[in-house]
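K.L.:
Sequence plus predicted model, see below.
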There are 2 protein chains.
Amino acid sequence: MNTDIILKNINSQVTLSDQETEFLKSVVIARPFKPGELIVRAGDPARYLMFVNSGYLMTYFTDTDGKDHVVQFATNGWWAPDLYSLSKEPNTPYSTRGLCDGELLLIPRLSLDQMFRVCANMDRYFRIQFQNTVIRHQGRILKRHTAPAEERYQEFIDTYPRMEQYVAQKYIASYLGITPEFLSKVRSKMARKIS
Amino acid sequence: MNTDIILKNINSQVTLSDQETEFLKSVVIARPFKPGELIVRAGDPARYLMFVNSGYLMTYFTDTDGKDHVVQFATNGWWAPDLYSLSKEPNTPYSTRGLCDGELLLIPRLSLDQMFRVCANMDRYFRIQFQNTVIRHQGRILKRHTAPAEERYQEFIDTYPRMEQYVAQKYIASYLGITPEFLSKVRSKMARKIS
DNA sequence: CGTCTATTTGAATGTACTCAAAAGCGGTGG
DNA sequence: CCACCGCTTTTGAGTACATTCAAATAGACG
């Protein structure tokens, strides 16, 4: 199993001891996924914290009308956006689906408690990780409130240039909080501007 | 200085040793504030992590048109929403303003590093704190994408019933991502429904 | 009381949505 | 290899939610 990426990621913020490294390696489970595969279904027990080793995936919420709303995408070196395995809730309200071939590293819920008990560094690592995530989410909320769809889309493709190739437009639209039809119109308007 | 609330809050998630408690007490600074007072101005150095001991405050972003956009409110027992004192950025893009008489406990930026070095429990505490915040923010983003203004306003007053009394409507509108005029119309529509 | 700001109300406008239909695209099987 | 199927994207017309601008009313504070 390839733990290079996750270890490199963690060690960029903290310095894991050999013991801690071994512990982590001993609890993670490799989990390949395929394009379109439903990795976690909304309502399922939140069994694992998930790290993306390779590929693309998305986490989304299905509303009462049956419409899906993308919470966030994830790729190489990111934690999957569904954090309910860390919460007190036994089940997650979010679904997670593969967008291409890829591999996850899973940390079982039970191992998480143990990990945080054994590895003080992991608390530090996730504290830093989540604190940055909170700052980014505040920025995303503000952007939603201050910028029209066109500007948000432009920022998305600037920030995640690769994402466009793997993610269907309708999912990007959903992530941005607009309909796929409207994103299509935004894009054709932008294309007209350039020419 | 009254550190009861902050200690109670932290000890609800972890168990601080006497040493850790003393350390925390030794670094926090009491900082009263007044209604309308600008506690932190956007662009200022992010000097302190701020805990609200009493009163209400808000953190907001001023856009290029000079319009303010409320990131979040905070009250007794909450950390102020501006987390830039924990980031690598020296300055914060957010302003923080008092909404009534109140008091903050400040933890200076320099003490934070030291605190995390000395108190492993604080990493744990903030890890849990931020992980819950991330989950709430994901919910807020989704709500923004799935629910119209009326429903978001209803949820706001249900979730923070006290807030309404201390916070001007225009700030609630800003937090919800709508104009004060439209919130006024939403409210009058809701009032008509009840009768 | 008078002033200043917040809130309300109304009319016109704009951004984004819904519904419907056509066009594009990718895969699969004949 | 091409024809067909299913799904995504595009395009268009009509609509709705929310904004802007302007003016009137209401509240808060000295």
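P.N.:
Yep, it's here.
K.L.:
Can you pull out the low-pLDDT segments for chain A?
P.N.:
By pLDDT under 70, the low-scoring segments of chain A are A:194-195.
K.L.:
Write out the residues of it neighbouring chain B.
P.N.:
Counting by Cβ under 8 Å from any Cβ of the partner chain, chain A comes close to chain B at A:61, A:63, A:67, A:69, A:71-72, A:81, A:83-84, A:86-87, A:116, A:120, A:123-124, A:126-127, A:130-135, A:137-138, A:140-142, A:144-146, A:174, A:177. To be clear about C-beta, it is placed using only N, CA and C from the backbone, and glycine gets the same treatment.
K.L.:
Restricted to helices, list those residues.
P.N.:
A:116, A:120, A:123-124, A:126-127, A:130-135, A:137-138, A:140-142, A:144-146, A:174 (DSSP state H).
K.L.:
Also near DNA strand C: which of the residues of chain A next to chain B, exactly?
P.N.:
Restricting these to those touching DNA strand C (Cβ under 7 Å from any atom of the strand) yields residue A:177.
K.L.:
give me the number of residues near residue A:112?
P.N.:
Neighbours of residue A:112 under the rule other Cβ atoms under 10 Å in any protein chain shown: 17.
K.L.:
Please verify my assumption that it contacts residue A:86.
P.N.:
Yes: using Cβ atoms under 8 Å, residue A:112 is in contact with residue A:86, at 6.7 Å.
K.L.:
any common contacting residues for these two?
P.N.:
residue A:49 (Cβ atoms under 8 Å, 6 or more residues apart in numbering or on different chains).
K.L.:
Residues of chain A that sit close to DNA strand C?
P.N.:
Residues of chain A lying near DNA strand C (Cβ under 7 Å from any atom of the strand): A:148, A:149, A:150, A:177, A:178, A:179, A:181, A:182, A:186.
K.L.:
and the last one, what element?
P.N.:
What that stands for is residue A:186. Secondary-structure assignment from DSSP states H and E places residue A:186 in helix A:180-194.
K.L.:
Check whether that helix comes near DNA strand D.
P.N.:
Yes: with Cβ under 7 Å from any atom of the strand as the criterion, DNA strand D is reached by helix A:180-194 at A:180, A:181, A:183, A:184, A:185, A:187, A:188.
K.L.:
between the residues you listed, which has the most around it?
P.N.:
If you rank the residues of helix A:180-194 next to DNA strand D by neighbour count (other Cβ under 10 Å), residue A:183 sits at the top with 19 neighbours.
K.L.:
so what's it up against?
P.N.:
Contacts of residue A:183 by Cβ under 8 Å, 6+ apart are A:149, A:153, A:169, A:170, A:172, A:173, A:176.
K.L.:
quick one: it from residue B:146, how far?
P.N.:
17 Å (Cβ to Cβ, to the nearest Å).
K.L.:
cool, residue A:9 as well?
P.N.:
32 Å.
K.L.:
swap in residue A:177?
P.N.:
9 Å.
K.L.:
related to what we said a few turns ago, out of the residues of helix A:180-194 next to DNA strand D, which comes closest to DNA strand C?
P.N.:
Distance to DNA strand C, by Cβ to the nearest atom of the strand, is smallest for residue A:181 among the residues of helix A:180-194 next to DNA strand D, at 4.1 Å.
K.L.:
Chain A against DNA strand D: which residues are in contact?
P.N.:
Counting by Cβ under 7 Å from any atom of the strand, the residues of chain A that sit close to DNA strand D are A:168, A:169, A:170, A:180, A:181, A:183, A:184, A:185, A:187, A:188.
K.L.:
And the furthest pair within the contacts of residue A:183?
P.N.:
Farthest apart among these by Cβ to Cβ are A:149 and A:170. That separation is 14.1 Å.
K.L.:
name the element residue A:113 belongs to?
P.N.:
Take DSSP H and E as the rule and residue A:113 turns out to sit in helix A:109-118.
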